[in-house]
Each structure stands twice: as C-alpha cells, then as structure tokens.
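Engineer: For reference, the sequence and a predicted model appear below.
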Amino acid sequence: VDGAVVVNRVRQQKGKTEGYDANTDTYTDMVAAGIIDPAKVVRTALQNAASVASLLLTTESLITEIPQEEEEGGHDHHDHGMGGMDPMGGMGGMGGMGGMGGMM
C-alpha cells in the first residue's frame, strides 16, 4: 500500500470520520468501525504524560529530608535512653522471669 495514495484518497473523502482501515485494506467510517482517531490517542497520551510528570515533580518537592545538626564534641548517643536513666528507660525495678513475681 502506497502511503501517498492513501493520504490523497482520505483527504478527498467528504466525511470527517472516514479513513483507511489497514487491517481490512478498505476505506471506511472510522467511528462506525470502532477505530479511535489517532489524533485523540496522541492527545490523550500527551495529557497523561503531563499529568504524571506534574505529579512526580510535585511529589519530589514534597519529600524532603531535614538535615540534623551534629552535637558538639562528637558524643556517640546510641543508648536511646532518657537522660540520667539506664538504657532500658529507667525500668530497673522489674523482677526476673523466674516465677513471674512481678515488680519488686
């Protein structure tokens, strides 16, 4: 099929919905045949791409990491306990597991 011939014949068609169906090698009413207008497909693809791009740009600007200031002296605080308490958070009065005696 020569593309120039198809284009010339489609341009001569009177209806706006008439076009060339490459699957059946016929000229037909594209809407009646259920063939979506290629311009609509391109427009929809561009709209969806713009929507996704704006979503990604917005999301990227919303997700940030707040830098933490380093403490002076380089102290290493890995116990995560409260100041002045033992590493278990000050729960030193708990009894052992033997007999489940409860609190001392």
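Structural biologist: On my side now, so go ahead.
Engineer: what about Tyr20, neighbour count?
Structural biologist: 19 (other C-beta atoms under 10 Å). All C-beta spots, glycine's among them, are computed from the backbone N, C-alpha and C.
Engineer: so who does it touch?
Structural biologist: By C-beta atoms under 8 Å, 6 or more residues apart in numbering, Tyr20 lies in contact with 6, 9-10, 26-28.
Engineer: Inside strands: which ones of the residues you listed?
Structural biologist: 26-28 (DSSP state E).
Engineer: from the residues you listed, which single one is nearest Glu65?
Structural biologist: Thr28 (57.7 Å; C-beta to C-beta).
Engineer: what about that closest one, distance to Ile35?
Structural biologist: Using C-beta to C-beta, to the nearest Å, Thr28 is found at 8 Å from Ile35.
Engineer: Overlap in contacts, those two.
Structural biologist: Contact criterion C-beta under 8 Å, 6+ apart; residues shared by Thr28 and Ile35: 19, 21.
Engineer: low-confidence ranges in this structure?
Structural biologist: For the chain, applying pLDDT under 70 flags the ranges 37, 60-64, 72-104.
Engineer: now the strands: where do they sit in it?
Structural biologist: Under DSSP E, the chain gives strands at 18-21, 26-29.
Engineer: Would you mind finding the most buried of these?
Structural biologist: strand 18-21 (a mean of 17; mean count of other C-beta atoms under 10 Å).
Engineer: which residues sit in contact with Asp21?
Structural biologist: Contacts of Asp21 (C-beta under 8 Å, 6+ apart): 27-28, 30, 33, 35.
Engineer: Give the bridge partners for it, please.
Structural biologist: When assigned by DSSP bridges, Asp21 has beta-bridge partners Thr26.
Engineer: since we're on Val31, how many residues are nearby?
Structural biologist: 14.
Engineer: likewise Met30?
Structural biologist: Met30: 19 neighbours (other C-beta under 10 Å).
Engineer: That one and Gln47: what is the separation?
Structural biologist: For Met30, the distance to Gln47 equals 21 Å [C-beta to C-beta].
Engineer: Then Gly3?
Structural biologist: 28 Å.
Engineer: now Tyr20
Structural biologist: Distance from Tyr20 to Gln47, by C-beta to C-beta: 26 Å.
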